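Colleague: give me the fold of what follows.
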Amino acid sequence: MTDASTIPADPTAEAIPDEAAIEATKQATAAVQSFSDFAIHPDIVSALASHGITTPFPIQSMTLPVALGGHDIIGQAKTGTGKTLGFGIPLLNKVVARGDDAWDGFVHKGKPQALAVAPTRELAVQVAADLERAGKTRGIRVLTVYGGRAYEPQIDALVKGVEVVVGTPGRLIDLAKQGHLDLSHAKTVVLDEADEMLDLGFLPDVEKLLAMTSPARQTMLFSATMPGAVVALARRYMTQPTHIRAMQEGEGDTSQTVKAVAQHVFRAHAMDKVEMLARMLQANGRGLTIVFSRTKRTAAKVADDLADRGFAAAAIHGDLGQGAREQALRAFRSGKVDVLVATDVAARGIDVENVTHVINYQCPEDEKTYIHRIGRTGRAGQTGIAVTFVDWDDLHRWTMINKALDLGIPDPEETYSSSDHFFEQMDIPVGSKGRLRKSEQTRAGLGAEKLEDLGETGKSGGRRQGGGGSRDGGRGSRDGSSRDGGRGSRDGGGRGSRDGDRPRSEAPRVSADAAAEGSAAPRRNRNRRRTQGGKPAAATD
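Modeller: Numbering: from 1, shown residues only. Next comes the predicted model:
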């Protein structure tokens, strides 16, 4: 059963009764069979149909009747259930496009009419791709802006004109302050993964962006979890938003994991984890797999270890330039690489089809991180498998996660790479070892994917996947990964510019990791002058 309720903009505002909202949603969605049953522009419907997208998911069918009417919305649903089109279709439907009859008389041609804000670069890219796909037939121009890329192409696109802008808060504000981005005509604003933006400290930036948009805007806020801070944000900046929750029958706010994901937890020894992982990657029916770690160094090391064992693996973490991160994601999406080792920078925003396994190589910090990690599989109605390795040092973390989510696994079973129950539960062929046979190494690998020159700001885009020091200087996640922010990272990183770029006056720094790799340029020979008693020594034969 689904339910919907409303949250007023202020305590005195008139609220729509819960029962009325529920009944209205039921009536609006009862006869819906496809997107064509809604009041959506035919070109948007045909664009979606050309990609095989014809039937809405629950969050979409519940959201569209309200959003298409221009009302503010707080949309809450589990990861992988189709939130992007839930706000993307109403956003695109409201845009005046170049092929429309109203275009000739439209006085704000080329100015952004809609804004979507995301907390991470990867999520911004994913949202923009979905919007471009849905708006292509109408000729709607969508621009993605985020740190790590050169300013010039983004500025050039704004000069030529766009209808929709999708970006991270830091780069959006930078472009606006420089006078390149005019948001005064943006009458639709979307905050995607709002809880993550608040968690990363983006609230001041979000407030600045909202102040730049039209006062008559429609605001849609979407998130998988709905903490009190998100509700407070809605009360201040939205007008009587309808709170739509798409949950399965019997689910509540504390039951946030997707039922389609089978969850396994093993108490593993640190020295045996790589062997366990390598054998698990040979399980019957395994498809694309994401392996999560807490630190950048671990992600780089695990990816290197797997590559040495014959697996097509790539890493994505904050020490990599944006070009290398996008190279890894493209290789993963295309199947050239089937194992992506990532820090939590990838826990949100990576929406890749046919991810069958998510493996927590290191136990997540908290239940929220756990939810978003395992949400990378079991998406869009598919099933998936989530595996968590809990080291002895991580037992306290797992205890808190298990209690918060009521998973019923308080004491994970002690497991080794040779344990019979491990082979049985993971459906690993008997006799599998920790190295892939030559005959089974059939994927092209990361090297087959071109590394783009993005004209990156602040760091080299061509770093090898295994490591290298971060030159972002921006705010990081717990592992120091750049999130386009300006404050110091949680692991003690320094203060950087808002889009994660190193200030221009600061000299490049090489981290200890980069020095250890020997990736720096060859040492310059130095001619030393010999002295004797403070004077140049006499030449000798």
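Colleague: surely Lys109 touches Trp103?
Modeller: Yes: between Lys109 and Trp103 there is a contact under CB atoms under 8 Å: 7.4 Å. Every C-beta, even on glycine, is put in place using the N, C-alpha and C of the backbone.
Colleague: in what helix or strand does Asp43 lie?
Modeller: In this assignment (DSSP states H and E), Asp43 forms part of helix 42-49.
Colleague: equivalent analysis for Glu152, please.
Modeller: helix 151-160.
Colleague: moving C-terminal of that helix, what's the next helix or strand?
Modeller: Toward the C-terminal end, the helix or strand that comes next after helix 151-160 (DSSP H and E) is strand 164-167.
Colleague: just checking, what packs against that next one?
Modeller: strand 114-117, helix 121-135, strand 142-145 (3 or more CB pairs under 8 Å, 6 or more residues apart in numbering; DSSP states H and E).
Colleague: quick revisit: so the helix holding Asp43 versus helix 121-135, what angle?
Modeller: Helix 42-49 runs at 120 degrees relative to helix 121-135, counting by axes from the mean of the first three to the mean of the last three CA atoms, to 10 degrees.
Colleague: quick one: buried residues of helix 42-49?
Modeller: The neighbour-count check on helix 42-49 (16 or more other CB atoms under 10 Å) flags 43-45, 47-48 as buried.
Colleague: and for stretch 146-164?
Modeller: For stretch 146-164, by 16+ other CB under 10 Å, it's 146-149, 151, 154-155, 157-158, 162-164.
Colleague: tell me the mean pLDDT for the helix holding Asp43?
Modeller: Averaging pLDDT along helix 42-49 yields 94.
Colleague: after that helix, next one along is what?
Modeller: Helix 42-49 is succeeded, C-terminally, by helix 58-67 (DSSP H and E).
Colleague: that following helix packs against which elements?
Modeller: Checking 3+ CB pairs under 8 Å, 6+ apart, helix 58-67 ends up next to helix 18-30, strand 73-77, helix 83-94, strand 242-246.
Colleague: C-alpha coordinates for stretch 40-52, CSV please?
Modeller: Extracted as CSV, the C-alpha positions of stretch 40-52 are listed here (Å, rounded to 0.1, in the frame of the first residue of the first chain):
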residue,chain,number,x,y,z
ILE,A,40,2.7,14.6,-20.9
HIS,A,41,4.0,16.2,-24.2
PRO,A,42,3.8,13.5,-26.9
ASP,A,43,7.5,14.0,-27.9
ILE,A,44,8.6,13.2,-24.3
VAL,A,45,6.4,10.0,-24.4
SER,A,46,7.8,8.9,-27.7
ALA,A,47,11.4,9.7,-26.6
LEU,A,48,11.0,7.4,-23.6
ALA,A,49,9.2,4.7,-25.7
SER,A,50,12.2,4.6,-28.1
HIS,A,51,14.3,3.4,-25.2
GLY,A,52,11.7,0.9,-24.1
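Colleague: contacts for that stretch?
Modeller: If you take CB atoms under 8 Å, 6 or more residues apart in numbering as the criterion, stretch 40-52 is touched by 34-36, 54, 64, 68, 85, 89, 92-93, 99, 133-138.
Colleague: hmm, which of the residues you listed are the buried ones?
Modeller: Buried, going by 16+ other CB under 10 Å: 35, 64, 68, 85, 89, 92-93, 133-138, out of those.
Colleague: redo these as CSV? Include distance to Leu405.
Modeller: As requested, these are exported to CSV (distance: CB to CB, whole Å):
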residue, distance to Leu405
Phe35, 34
Leu64, 30
Leu68, 35
Leu85, 27
Ile89, 32
Leu92, 35
Asn93, 37
Arg133, 34
Ala134, 33
Gly135, 37
Lys136, 39
Thr137, 42
Arg138, 42
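Colleague: tabulate the residues you listed (a markdown table), appending pLDDT and distance to His357.
Modeller: Formatted as a markdown table, the buried ones among the contacts of stretch 40-52 follow (pLDDT from 0 to 100; distance: CB to CB, whole Å):
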| residue | pLDDT | distance to His357 |
| --- | --- | --- |
| Phe35 | 91 | 31 |
| Leu64 | 91 | 33 |
| Leu68 | 93 | 38 |
| Leu85 | 91 | 26 |
| Ile89 | 95 | 31 |
| Leu92 | 96 | 34 |
| Asn93 | 95 | 37 |
| Arg133 | 94 | 27 |
| Ala134 | 95 | 29 |
| Gly135 | 94 | 33 |
| Lys136 | 92 | 32 |
| Thr137 | 92 | 36 |
| Arg138 | 93 | 38 |
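Colleague: circling back to that earlier point, residues that sit against both of Lys109 and Trp103, list them.
Modeller: Joint contacts of Lys109 and Trp103 (CB under 8 Å, 6+ apart) do not exist.
Colleague: show me the domain layout of this protein.
Modeller: 3-98+109-246, 261-448 (automatic domain parsing).
Colleague: and Gly485, what pLDDT?
Modeller: Value listed for Gly485 in the pLDDT field: 41.
Colleague: with just CA atoms, put the host helix or strand of Ile173 into CSV.
Modeller: Per DSSP H and E, Ile173 falls inside helix 169-177. Only the C-alpha atoms of helix 169-177 are listed here, as CSV (Å, rounded to 0.1, in the frame of the first residue of the first chain):
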residue,chain,number,x,y,z
PRO,A,169,26.3,23.4,-5.9
GLY,A,170,29.9,24.6,-6.0
ARG,A,171,30.3,25.0,-9.8
LEU,A,172,26.8,26.4,-10.2
ILE,A,173,27.5,29.2,-7.7
ASP,A,174,30.9,29.9,-9.3
LEU,A,175,29.4,30.3,-12.7
ALA,A,176,26.6,32.5,-11.3
LYS,A,177,29.0,34.7,-9.5
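Colleague: show me what counts as buried in it.
Modeller: 169-176.
Colleague: using CSV, lay out the helices and strands packed on strand 164-167 together with distance to Arg443.
Modeller: Formatted as CSV, the helices and strands packed on strand 164-167 follow (distance: least, CB to CB, whole Å):
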stretch, distance to Arg443
strand 114-117, 34
helix 121-135, 22
strand 142-145, 28
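Colleague: looking at those, spot the one closest to Leu281.
Modeller: Comparison of the helices and strands packed on strand 164-167 against Leu281 by CB to CB identifies helix 121-135 as nearest, at 22.9 Å.
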